[in-house]
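Asker: Whatever this is, show me its structure:
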Amino acid sequence: MREPSISIPAFVMDEGWLEYHPDPSKPEFRVPPGAVDAHCHVFGPGEKFPYAPERKYTPCDASKDALWALRDHLGFSRNVIVQATCHGADNRALVDALESAKGMARGVATVRQDVSDAELKALDDAGVRGARFNFVKRLVDTLPHDALESVAERIQALGWHTVIYFESQDLPELAGFFGSLPGTIVFDHMGRPDVTKDPDGPEFDRFIELLAAHENMWTKVSCPERLSVAGPPAYSDVVPFARRVVETFPDRVLWGTDWPHPNMKSHMPDDGKLVDYIPRIAATPALQRKLLVDNPMRLYWPEETT
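Answerer: Below is the predicted model of the structure:
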């Protein structure tokens, strides 16, 4: 008699990993029609889209269907899905989500320096509009200066932009390099400022001055849950930093949920409360429309804005 087979999962989520909120609240703030969640992720499912061997973490699965359900629940119309580091440069889960979105999602991929022109073209056809490079030292083995410089040049022909994730303490050594790059540059999460410092102080001034000096540079004002020391639900210590950026550069800012919130240690945010944070950093309907509709549409769906 045969022994019953035992299903062993392909990947086991890291011990202590915080899974995304199972029942986010309905936001009190109603986003404008056509709003875009311009920074979110899909993870796996690992059995179909394996996590990268070189990954620094193994997350919970977070499917495209769960992302679409969240989009509808929060009142958004479109998504920009950013390749997560747990998938490395294997963009299959991202492409699968884009191809199922019927034009209502765009992507930001991770590509290596040796990526072929044919691979870039296939990603472009799927809806990818940018390439992301990670300069957060705890998440990568080496900083990708050479790869970024090479790929940033090549993707200009496709009309893509470059997304860069870094932390504020590293800006002094990186600012000159970032300023030398071609095309549009988008920084994740305001360069992760230290929100215990003065939002009008010299540390954050450095980031503001970088954006002011380079009109090709944009930033996302997302992830208060990652930056805050004060914590949920208001994330009040992050508000003055994000508000300063939105009011200073209203045409070069983006916002996203960061669902499913990888690597959160302190708490798992309620995505509905994150949406209610938006009017605190973009105080007028005009600023809200730029942040949530006009800017992401111009960057990711320019063919619909001309």
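
Asker: Mind jotting down where the strands sit in the stretch 51-200 of the chain?
Answerer: Using DSSP state E, counting those that start in this stretch, the strands found in the stretch 51-200 of the chain span residues 78-82, 105-109, 128-134, 161-165, 185-187.

Asker: Can you point out the buried residues in the helix or strand of the chain with the lowest mean pLDDT?
Answerer: Counting by mean pLDDT, DSSP states H and E, the weakest-scoring helix or strand in the chain turns out to be helix 145-154, with a mean of 90. For helix 145-154, burial by neighbour count (16 or more other CB atoms under 10 Å) applies to 147, 148, 151, 152. In this view, the C-beta of every residue, glycine as well, is placed from N, C-alpha and C.

Asker: Also stretch 185-202?
Answerer: Of the residues in stretch 185-202, those buried (16+ other CB under 10 Å) are 185, 186, 187, 188, 189, 190, 191, 192, 193, 195, 199.

Asker: Give me the residues contacting that stretch.
Answerer: 39, 130, 136, 161-169, 171, 178, 203-204, 207, 214, 216-223, 226-229, 237-238, 240-242, 244-245, 254, 258, 299 (CB atoms under 8 Å, 6 or more residues apart in numbering).

Asker: and those residues, which of them are in helices?
Answerer: With DSSP state H as the criterion, helices contain 171, 178, 203-204, 207, 226-227, 240-242, 244-245, 299 from among the contacts of stretch 185-202.

Asker: Could you point out which of those residues is nearest to residue 116?
Answerer: For the ones in helices among the contacts of stretch 185-202, the closest approach to residue 116 (CB to CB) belongs to residue 299, at 25.1 Å.

Asker: how about the closest one, what does it touch?
Answerer: Neighbouring residues of residue 299 by CB under 8 Å, 6+ apart: 129, 161, 184, 186, 218, 254.

Asker: Now render the residues you listed as TSV, adding pLDDT and distance to residue 277.
Answerer: TSV is the format used below for the contacts of residue 299 (pLDDT from 0 to 100; distance: CB to CB, whole Å):
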residue	pLDDT	distance to residue 277
129	98	26
161	97	25
184	97	26
186	98	20
218	98	19
254	98	14
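
Asker: Need the nearest residue in space to the residue nearest the centre of the chain, chain neighbours excluded.
Answerer: Nearest residue to the geometric centre of the chain (CA atoms, centre = their mean): residue 39, 3.5 Å. Excluding its sequence neighbours, the residue lying closest to residue 39 (CB to CB, 6 or more residues apart in numbering) is residue 256, at 2.7 Å.

Asker: Return the set of residues that bridge with the closest residue to residue 184 other than its chain neighbours.
Answerer: Leaving out its chain neighbours, the residue that sits closest to residue 184 by CB to CB, 6+ apart is residue 161, at 3.8 Å. Bridge pairing for residue 161 (DSSP bridges) gives the partners residue 130.

Asker: of the contacts of residue 299, closest to residue 19?
Answerer: For these, the nearest to residue 19 is residue 254 (25.6 Å; CB to CB).

Asker: what's the spacing between the closest one and residue 270?
Answerer: Distance, residue 254 to residue 270, using CB to CB, to the nearest Å: 21 Å.

Asker: Among the two, which residue is more densely surrounded?
Answerer: The residue with more neighbours, out of residue 254 and residue 270, is residue 254; 25 against 17, by other CB atoms under 10 Å.

Asker: my guess is that one meets residue 221, correct?
Answerer: Yes. Counting by CB atoms under 8 Å, residue 221 is a contact partner of residue 254 at 7.4 Å.
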